[in-house]
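>>> following is a predicted model, sequence given first.
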Amino acid sequence: MNIVILAAGQGQRMRSALPKVMQILAGKPMLQYVLETALTVSPKTKPVVVIGHGAPLVSQFIAHFAEQNKATSKLSANISTVLQAQQKGTGHALLQALPKLNLSEPTLVLYGDVPLISPVTLRRLIKLADGVAKQDSALALLTQKMADSKGYGRIVRNSADEVIAIIEEKDASPQQQAIQEINTGMMVLPSQHLKRWLKALHVSNAQGEYYLTDVIAMAVKDGVPIRTTQTINAWESIGVNDRAQLAALERITQREIASNLLANGVSLADPARLDVRGKLSCGQDVFIDIGCLFEGNVSLAAGVKVGPNCVLRNSQVGKRVVLQAFSHLDGATISDDCIIGPYARLRPGANLANDVHIGNFVEVKNSQLGSHSKANHLAYVGDAVVGKRVNIGAGTITCNYDGINKHQTIIEDDVFIGSDTQLVAPVRVGRGATLGAGTTLTKDAPANQLTVSRAKQVSVAWQRPEKKMLVKKKLSSKGKK
């Protein structure tokens with residue numbers, strides 16, 4: 001089948017330099033949701049995206065999406081675009097895509113600013129349009145009944161409950177405006193009629209645009225059956241025209257994510273205080289406290305406990321790990337039974353083996369820490385390879401950057417590093433070595449020895465200076481002299 005996604009609108013009410021379909025919903029552009037759904041519904045189809053406002057940016061995004069999709073999925077990565085240079089309405093937009101369509105196949109029309117339409121609903125809509133033979137194909141229309149139908153086109157039916165037209169709100173009479181069944185815009189069209197119908201569209205309406213909805217009356221005239229179905233969930237058909245609607249859809253999206261997590265055995269301290277902006281995979285008996293944010297691809301293995309106000313981005317967390325409050329993980333890999341935080345920061349390339357402890361105000365970047373190693377207080381470990389059973393004292397830092405290049409620190413197994421130590425890379429600390437507190441290590445420390453670098457301690461007699469007190473002189477009754 002053909003799939004056309006209309007994504008040319010500017011979205012003036014968004015008051016943004018970004019094209020409307022590139023506005024972010026739960027961490028992804030709205031257009032990405034529609035593309036993913038389209039390829040899920042019909043994996044072999046090459047969707048056609050009609051672009052217009054911000055065309056270079058939208059085209060760049062589509063190309064990037066296609067490349068990523070080709071690398072990570074079995075779905076088709078072939079997506080084509082057509083330019084609607086002037087936005088003259090939905091009918092005009094579909095007309096631009098006509099040369100790229102196979103007119104022997106039905107055409108599904110989707111919208112880049114209606115991101116939450118589900119594959120299940122679309123499959124039902126597509127099935128509704130099927131005929132025994134090509135000439136029996138119907139026009140399938142997705143409608144929705146709404147208590148407040150303001151802003152939507154109304155579905156007009158005859159006395160036999162057959163759809164005979166769609167009337168846009170600005171063109172509707174007061175009686176028609178009272179209709180609660182609205183047009184979602186999504187439909188499956190019999191393509192053998194499409195070219196003729198689109199060529200016959202005119203602009204005799206309040207908007208001065210070519211309405212795609214006008215093909216409904218043409219279908220009635222041509223005796224093409226019109227069949228309707230509704231979305232499984234009312235929010236599937238919600239379009240976004242301004243930031244308030246985008247924010248409302250964000251809450252709906254997060255609520256659905258939370259519901260799915262709960263249904264799969266994840267414990268959430270408060271489902272309303274969770275934000276997932278990407279993909280979150282959880283094992284059994286995971287607990288997530290309030291205010292946590294997950295971005296990109298995050299996986300939590302069985303038994304993980306995430307404390308309040310943690311941020312995790314593109315990270316993998318092993319079994320029974322405890323992430324305490326306000327910990328930040330970005331591109332980190334954590335093995336089983338680790339304890340992280342509170343207020344810890346693991347940056348890209350942080351790789352922790354089993355039973356590692358990273359405490360408060362400790363930062364790890366591009367470093368490996370072996371099993372049972374600890375850095376519990378106020379430390380920075382960057383560009384380092386740390387062995388097993390290493391203890392890194394408070395205030396310790398790896399001095400990995402000389403202003404131009406990064407250098408590596410190697411700390412072998414069973415090392416004890418005293419507090420307030422600086423390891424000036426490149427440097428190696430041998431197995432079983434001890435570094436005394438306050439050491440600045442600029443040369444390799446030998447294994448199984450104590451290495452200390454300190455100035456000689458000196459005590460001298462002295463008198464601590466006292467602050468001089470200023471005494472204000474009283475002024476005479478005659479004033480200052």
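Structure's in. What do you need?

>>> if I've got this straight, Ile166 is in a helix?
No: secondary structure of Ile166, determined by DSSP: H, G, I helix; E, B strand; the rest coil: strand, with no helix assignment.

>>> all helices for the protein, in order.
Taking DSSP state H as the criterion, the chain contains helices spanning 30-41, 55-72, 90-97, 119-129, 174-177, 191-199, 215-221, 243-263.

>>> for Thr107, find the nearest of these.
With C-beta to C-beta as the criterion, Thr107 lies closest to helix 191-199 of those, at 4.9 Å. All C-beta spots, glycine's among them, are computed from the backbone N, C-alpha and C.

>>> show me the shaky parts of the stretch 101-250 of the chain.
131-136 (pLDDT under 70).

>>> what ranges does it have for its strands?
Counting by DSSP state E, counting those that start in this stretch, the stretch 101-250 of the chain has these strands, from start to end: 107-111, 139-145, 154-157, 163-167, 181-189, 226-230.

>>> care to break the protein down by domain?
What automatic domain parsing lists as the domains of the chain is 2-237, 243-451.

>>> related to what we said a few turns ago, include distance to Ile24 and mean neighbour count when you put the strands of the stretch 101-250 of the chain into JSON lines, please.
Converted to JSON lines, these look like this (distance: least, C-beta to C-beta, whole Å; neighbours: other C-beta atoms under 10 Å):
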{"stretch": "strand 107-111", "distance to Ile24": "17", "mean neighbour count": "23"}
{"stretch": "strand 139-145", "distance to Ile24": "25", "mean neighbour count": "22"}
{"stretch": "strand 154-157", "distance to Ile24": "31", "mean neighbour count": "21"}
{"stretch": "strand 163-167", "distance to Ile24": "31", "mean neighbour count": "20"}
{"stretch": "strand 181-189", "distance to Ile24": "22", "mean neighbour count": "23"}
{"stretch": "strand 226-230", "distance to Ile24": "28", "mean neighbour count": "18"}
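
>>> between these, which gets nearest to Asp336?
When the strands of the stretch 101-250 of the chain are ranked by proximity to Asp336, the top entry is strand 107-111, at 43.5 Å, counting by C-beta to C-beta.

>>> for the closest one, the distance to its chain's centre please.
Centroid separation between strand 107-111 and its chain, computed with C-alpha atoms, centre = their mean, to the nearest Å, is 24 Å.

>>> any idea how far Val163 lies from Val215?
Relative to Val215, Val163 is positioned 12 Å away (criterion: C-beta to C-beta, to the nearest Å).

>>> coming back round to it: adding distance to Glu466, write the domains of the chain out as TSV.
Converted to TSV, the domains of the chain look like this (distance: least, C-beta to C-beta, whole Å):
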stretch	distance to Glu466
domain 2-237	61
domain 243-451	31
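
>>> quick check: bridge partners of Arg313?
Glu295, Asp330 (DSSP bridges).

>>> hang on, the earlier thing: out of the strands of the stretch 101-250 of the chain, which is closest to Leu435?
Using C-beta to C-beta, these put strand 107-111 closest to Leu435, at 62.6 Å.

>>> give me the neighbour count for Ile117.
The burial metric for Ile117, expressed as a neighbour count using other C-beta atoms under 10 Å, is 27.

>>> list the contacts for the nearest residue to it once chain neighbours are set aside?
The shortest distance from Ile117 to any residue other than its chain neighbours is 5.0 Å, reached at Glu236 (C-beta to C-beta, 6 or more residues apart in numbering). Taking C-beta atoms under 8 Å, 6 or more residues apart in numbering as the contact definition, Glu236 lies against Leu116, Ile117, Ser118, Thr121.

>>> for Ala269, see how far away Glu236 is.
In this view, Glu236 and Ala269 are 28 Å apart by C-beta to C-beta.

>>> try Lys305
With distances defined as C-beta to C-beta, the gap from Lys305 to Ala269 amounts to 11 Å.

>>> Ala344 too?
In this structure, Ala344 and Ala269 are 20 Å apart, going by C-beta to C-beta.

>>> so for the two, which residue has more residues nearby?
A direct count of neighbours by other C-beta under 10 Å for Ala344 and Ala269 places Ala344 higher, at 28 against 15.

>>> ok, the closest residue in space to Gly265 that isn't next to it in sequence - contacts?
Counting by C-beta to C-beta, 6+ apart, Gly265 lies nearest to Gln284, which is 5.7 Å off, once chain neighbours are set aside. Gln284 makes contact with Gly265, Ala302, Gly303 under the criterion C-beta under 8 Å, 6+ apart.

>>> so Leu312 touches Leu293, yeah?
Yes: in terms of C-beta atoms under 8 Å, Leu312 counts as a neighbour of Leu293; the distance is 7.4 Å.

>>> so the two - more neighbours on which side?
Set side by side, Leu312 and Leu293 give different neighbour counts by other C-beta under 10 Å, the larger being at Leu312 (28 against 16).

>>> show the contacting residues for the more buried one.
Leu312 makes contact with Cys292, Leu293, Phe294, Glu295, Val298, Val306, Leu323, His328, Leu329 under the criterion C-beta under 8 Å, 6+ apart.

>>> weed out the non-buried ones from those residues.
Neighbour-count burial within these applies to Cys292, Leu293, Phe294, Glu295, Val298, Val306, Leu323, His328, Leu329; the criterion is 16 or more other C-beta atoms under 10 Å.

>>> can you add distance to Lys70 and give the residues you listed back as a markdown table?
What follows is the buried ones among the contacts of Leu312, written out as a markdown table (distance: C-beta to C-beta, whole Å):
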| residue | distance to Lys70 |
| --- | --- |
| Cys292 | 32 |
| Leu293 | 29 |
| Phe294 | 26 |
| Glu295 | 23 |
| Val298 | 23 |
| Val306 | 33 |
| Leu323 | 34 |
| His328 | 32 |
| Leu329 | 29 |
